[in-house]
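Participant: Here's my sequence, what's the structure:
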Amino acid sequence: MPSGRRGGRHRAPQAPSPAGRILRTTGAVTAIVGSGLAVTAAPAGAATSDDFAKLRQCESGGNYAVNTGNGFSGAYQFDDQTWHGLGYSGRPYQASPATQDEAAAKLYNQRGWQPWPSCSVKMGLTNNGPASVPGGSGDVIQQAITPVEPPMTLDRARREMGDGSFRGTVLDASLSDDVRPDAFVWQDRMRQKGFVLTVDGKFGPQSQGIAALYSYLTRVSDGQPGVVGQNLWNVSVRA
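Facilitator: Next comes the predicted model:
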């Protein structure tokens, strides 16, 4: 589990991966370069998305929203001190899956698998090349061969939400690009109430408009129109 201890070494980047050579041979790199994007082949032995999927499964059963109250939370079981040290606010389990994945990659690039000693050994995680950090400068080839995150479904959203209680993160316009289990559950609940909206887990303009309307109809507010906080969540999902 992540902690305040320092340590871990990283092997120097090695030769381009077989995937990178294959892409060059097939002309994929030519197409990418022609689009104006920079191309960097993934180093051999680099940590992969499958490695992090195994780590999540061992640490939390893959549950990004888990918080058992033992001081560690989220899919990678970050403690708050490590989480804040990486530059993130709030609690790990309150962050979107993409943000938690980004934080895990950052911590791994700093200290290798050392922050997760038990699970890294148990899951046989031996790759020690640098991981591609989502949202950063990016490795175009690595992103192209990385398995796509499975689409959000109602069953998955409910599993990640657990008891369905409000998670402490207000749903507002700042989350319109994130696919969140709490937004998915809320959208599904509003559709059941007869509102017409897309259930995709993204709290975009459509969801904001429904939230503002429902707040007006119920006379329940979370401070400003178009946001879902503790109050509106309780009357729309928990009621």
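Participant: Can you get me a residue count around residue 75?
Facilitator: 27 (other CB atoms under 10 Å). Bear in mind the C-beta positions are built from the backbone N, C-alpha and C, glycine included.
Participant: I'd say residue 209 and residue 216 touch.
Facilitator: No: contact criterion CB atoms under 8 Å: residue 209 and residue 216 do not qualify, at 10.8 Å.
Participant: Low-confidence stretches in this structure?
Facilitator: Across the chain, the ranges flagged by pLDDT under 70 are 1-45, 132-150.
Participant: how about a cut-off of 50?
Facilitator: Applying pLDDT under 50 to the chain flags residues 4-44, 135-146.
Participant: on that earlier part again, ok, residue 209 and residue 216, which is more surrounded?
Facilitator: residue 209 (14 against 11).
Participant: Look up how far residue 59 lies from that one.
Facilitator: 38 Å (CB to CB, to the nearest Å).
Participant: all strands of this structure, in order?
Facilitator: 72-73, 78-79 (DSSP state E).
Participant: okay, now the domains of this protein?
Facilitator: 18-145, 154-238 (automatic domain parsing).
Participant: how distant is the last one from the center of its chain?
Facilitator: If you compare the mean C-alpha spot of domain 154-238 with that of the full chain, they lie 18 Å apart, counting by CA atoms, centre = their mean, to the nearest Å.
Participant: And the helices in the chain?
Facilitator: If DSSP state H is used as the criterion, the helices of the chain fall at 18-25, 28-34, 49-60, 80-85, 97-111, 117-122, 140-145, 154-161, 181-192, 205-218, 230-233.
Participant: Contacts only, for the residue nearest to residue 47 when sequence neighbours are not counted.
Facilitator: Nearest non-adjacent residue to residue 47, counting by CB to CB, 6 or more residues apart in numbering: residue 131, 4.1 Å away. By CB atoms under 8 Å, 6 or more residues apart in numbering, the contact set of residue 131 is 46-48, 51-52, 105, 108-109.
Participant: Check the residues you listed and tell me the two furthest apart.
Facilitator: Using CB to CB, the contacts of residue 131 span at most 13.6 Å, a distance reached by 48 and 109.
Participant: quick one: which of these two has more around it?
Facilitator: residue 48 (20 against 17).
Participant: nearest spatial neighbour of that one, skipping sequence neighbours?
Facilitator: That would be residue 127: by CB to CB, 6+ apart, it lies 6.6 Å from residue 48.
Participant: Ramachandran coordinates for the one you found?
Facilitator: For residue 127, the backbone dihedrals (degrees, to the nearest 10) come out as phi -60, psi 140.
Participant: Please verify my assumption that it contacts residue 49.
Facilitator: No: the criterion here is CB under 8 Å, and residue 127 misses it with residue 49 at 11.2 Å.
Participant: Residue 75 and residue 121, how far apart?
Facilitator: In this view, residue 75 and residue 121 are 19 Å apart by CB to CB.
Participant: And residue 184, by the same measure?
Facilitator: 34 Å.
Participant: what does residue 73 give?
Facilitator: Relative to residue 121, and taking CB to CB, residue 73 is found at 22 Å.
Participant: neighbour count winner among these two?
Facilitator: Neighbours were counted for residue 73 and for residue 121 using other CB under 10 Å; residue 73 has more, 25 against 12.
Participant: mind listing what that one touches?
Facilitator: Residue 73 neighbours (CB under 8 Å, 6+ apart): 66-67, 91-93.
Participant: Same question for residue 176.
Facilitator: Going by CB under 8 Å, 6+ apart, the list of residues near residue 176 reads 202-205.
Participant: of those residues, buried ones?
Facilitator: Buried residues within these, counting neighbours by 16 or more other CB atoms under 10 Å: 202-203.
Participant: before we move on, back to that, where's the residue nearest to residue 48 relative to residue 105, distance?
Facilitator: Plainly put, residue 127 is 12 Å away from residue 105 if you go by CB to CB.
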